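Novice: give me the fold of what follows.
(one chain, ligands or ions: 2)
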Amino acid sequence: MYIGVDYYPEHWPSNRWTTDADLMAEAGFNIARLAEFAWVDMEPVEGEFEFGWLDEALSILGKRNISAILGTPTAVMPAWMAHQYPETLAMQKDGTRIVWGVRKNNCFTSSVYRKRSERITLAMAEHFAQTPNVIGWQTDNEFGQPYCYCDECRGGFQTWLQRKYGSLDELNRAWGNHFWGQKVQGWDEIVIPVDDSTYNPSACLDWRRFFSWLNVSFQRDQVNILRKICPTHFITHNFMGLFKGLNYYELATDLDFVSWDNYPKLGVTPQIRYDASLSADVMRGLKGKNFWIMEQTAGAPGWATFGRNPRPGEIRSIAYQQLAHGADGNLWFRWRTCTAGREQYWHGLLGHDGRPLRRYDEAAQVAHEYHRLAPELEGTTIKADVAIIYDYESLWALDIQPGYSNPEGNNVGQDAIKRYYQALFRAGVNVDMVPPSADLTPYKLVLAPHLYILSDTIAEHLNAYVRAGGVLLTDCRTAVKDETSLCYDRTLPGKLSEMLGISIEEYEAVIGEYPLTMSGDLGPFTATHYADWVHTTGADVLASYASWHLADYAAVTRHRFGKGWGWYVGTVVKETKFYDWLAAGLLNQASISPIVTPPAGVEVSLRERQDQKLLFLLNHTEQPQDMVIPEGCYDLLKDIMCGDRLHLDRYGVAILKVG
Ligand code: GLA
Ligand code: ZN
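Specialist: Numbers count the residues shown, from 1 in each chain. Ligands and ions are numbered 1, 2, ... in the order given. The predicted structure is shown next:
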């Protein structure tokens, strides 16, 4: 179990380094990430390397059994680079280059930049290959920005399109370039679409694919060097949870495991950290395996203004939430709050004064607990019965054309996923977030919300899952478009119609609200944002619209197909309780029963291996919570046998060895 901090020795006088390392060791830390922004410190003059300072810092850490992850430093180019090679700075839409001085400001196509990225990576790899406590690498830092509109990127985009489509006829067809006379007759006529709301949606989608591919290929250059020179080291990257600017499945392909940076919003009052759980599950889904937290919340975050301080117990609870979802490593960002630069107020475990106080003590407590838990956790992961399909291409296409408006301006697809995910969270079941092509046979229940881009192959994959006995829920805006973002010339939901037993004759963005009618004493529930006018062709109606003009149409349906069931929700329902009702129905239909029914505000997650089931319970509220648990559990943190009830303090955590 690796637990430690993100450490910047270059920010402090070297006579402080032993104090830092001593304090880390006392806290039980055994890992530090270093150097991801220190390019100029390692290559002060182009082609001349200086690693002495880092050798010294690493050796001080090594003497205290603290291992190290080194970052390739390419997220911040040295001033000399921008000065000597201005073409390495990304070009903005207006044709001017980014002004050097922040970070993430490079063009990823620039051959000048890429050669220098490879050179510093090679120099670091060769220098640190034999350093005993260096165990792994982080590529760059938080890939995802910036778009660059320079001629080299435009040329790269054209070449990428040529490879993808082969002929201009095919590109013109795939993009629907007959519209507005957009037919191109030479590859060099193609431009970068500069605006999602006015340019051709197919071109916008391919630009995102290209940019994602570009980042992956930039990373691959570094990975190839590191693999060759440091074959025993692991390679990871710090992802950003729900960030969707890149196809994270592809970015993860070349890596040994995924790690990510977790900064949950610290609300005025304590809030259930739904997004941190969902992010963790998305991160675990990228490679279908456990992940690390490369940057964990250590204090109040902020660049100009800062938020509130984590309250006593909250640092611990934030860490445990990730452990519960499959984190096998945890590094707090950052060790000590820096006294200089833009992140002076992004607080670390230590304050500006460098004293080990409350936040340090809490992290040290977590570290000591993690080490004690390590043998129990070894080899455990989440084995969910439920999967939600998480597809970057559909999310991108929905960014480009959401269809209906979302007051918060969020991605409508991500918001749909959150509605279902949060209901399943409240029901106390684990969820795997998987790509559309994932093998669905391990799951009893699959949700495919807003699967806007749906190829015929994936549609058949979903139908086959239901035919064989699976329970599938899908909803509005699914199956609307093909892979190049052309609308299908079919009645919706296209290839899913037979499986769902419905046909969507018309649809609309809802201005205002439509009350829903349900059987029994459920509700009242209200349709908002969007409504499919669903005509049933065999499905049962679970909810319909009360409005006179929609009297003939269904809002929520369920259909027996083969050995399974296809559920459909054609609208966005205002009330959270609707989703709780829906989740209960789906879980029941799929014969999934949660191990415990958590009280409101308590999160449940199960990590397991063949001979072991560890039930995590986390109280996200500031009130103590009491709950019923299965008998015969062993409380690993308290080291006691439990009865049939569990008490959790505010922000309390329990890990129960079940049965
Ligand atoms: C990101 C970066 C860090 C740091 C933090 C806080 O996650 O990776 O370098 O900038 O945000 O701003
Ligand atoms: Zn460029």
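
Novice: every contact and neighbour count from this point should use C-alpha atoms.
Specialist: Noted.

Novice: mind listing what the residue in the stretch 301-450 of the chain positioned nearest to ligand 2 touches?
Specialist: Nearest to ligand 2, among the residues of the stretch 301-450 of the chain, is W396, at 21.1 Å (CA to the ion). By CA atoms under 8 Å, 6 or more residues apart in numbering, W396 lies in contact with 205, 208, 244-245.

Novice: which two in those are spaced the farthest apart?
Specialist: Farthest pair in those (CA to CA) is L205 and K244. Separation: 12.9 Å.

Novice: how close does the closest residue in space to F51 that isn't next to it in sequence get to A68?
Specialist: Distances taken as CA to CA, 6 or more residues apart in numbering put M42 closest to F51, at 5.6 Å, once the chain neighbours are dropped. The gap separating M42 from A68 is 17 Å, by CA to CA, to the nearest Å.

Novice: tell me where the stretch 301-450 of the chain has strands.
Specialist: 327-333, 386-389, 431-434, 445-448 (DSSP state E, counting those that start in this stretch).

Novice: mean neighbour count and distance to ligand 2 added to the ones you listed, as JSON lines?
Specialist: Below are the strands of the stretch 301-450 of the chain laid out as JSON lines (neighbours: other CA atoms under 10 Å; distance: least, CA to the ion, whole Å):
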{"stretch": "strand 327-333", "mean neighbour count": "26", "distance to ligand 2": "31"}
{"stretch": "strand 386-389", "mean neighbour count": "24", "distance to ligand 2": "33"}
{"stretch": "strand 431-434", "mean neighbour count": "26", "distance to ligand 2": "32"}
{"stretch": "strand 445-448", "mean neighbour count": "26", "distance to ligand 2": "36"}
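
Novice: can you say which of those strands is nearest to G601?
Specialist: strand 431-434 (17.7 Å).

Novice: ok so, going back, which one of M42 and A68 is surrounded by more residues?
Specialist: Legend: neighbour count by other CA atoms under 10 Å for M42 and A68, higher for A68 (25 against 22).

Novice: list the contacts of the closest residue to ligand 1 within the stretch 351-500 of the chain.
Specialist: Nearest to ligand 1, among the residues of the stretch 351-500 of the chain, is G351, at 15.0 Å (CA to the nearest ligand atom). Counting by CA under 8 Å, 6+ apart, G351 touches 336-337.

Novice: from now on call the first residue 677
Specialist: Okay, using 677 as the starting number, the last item reads as G1027.

Novice: what pLDDT does it get?
Specialist: G1027 is assigned a pLDDT of 98 by the prediction.

Novice: let's have the strands of the stretch 977-1126 of the chain in JSON lines, adding mean pLDDT.
Specialist: Listed next are those as JSON lines, based on pLDDT from 0 to 100:
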{"stretch": "strand 1003-1009", "mean pLDDT": "98"}
{"stretch": "strand 1062-1065", "mean pLDDT": "99"}
{"stretch": "strand 1107-1110", "mean pLDDT": "98"}
{"stretch": "strand 1121-1124", "mean pLDDT": "99"}
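
Novice: out of the ones you listed, which gets nearest to K791?
Specialist: Closest among these, once you apply CA to CA, is strand 1003-1009, at 30.1 Å.

Novice: if anything else comes up later, I'll come back, but that's it for now.
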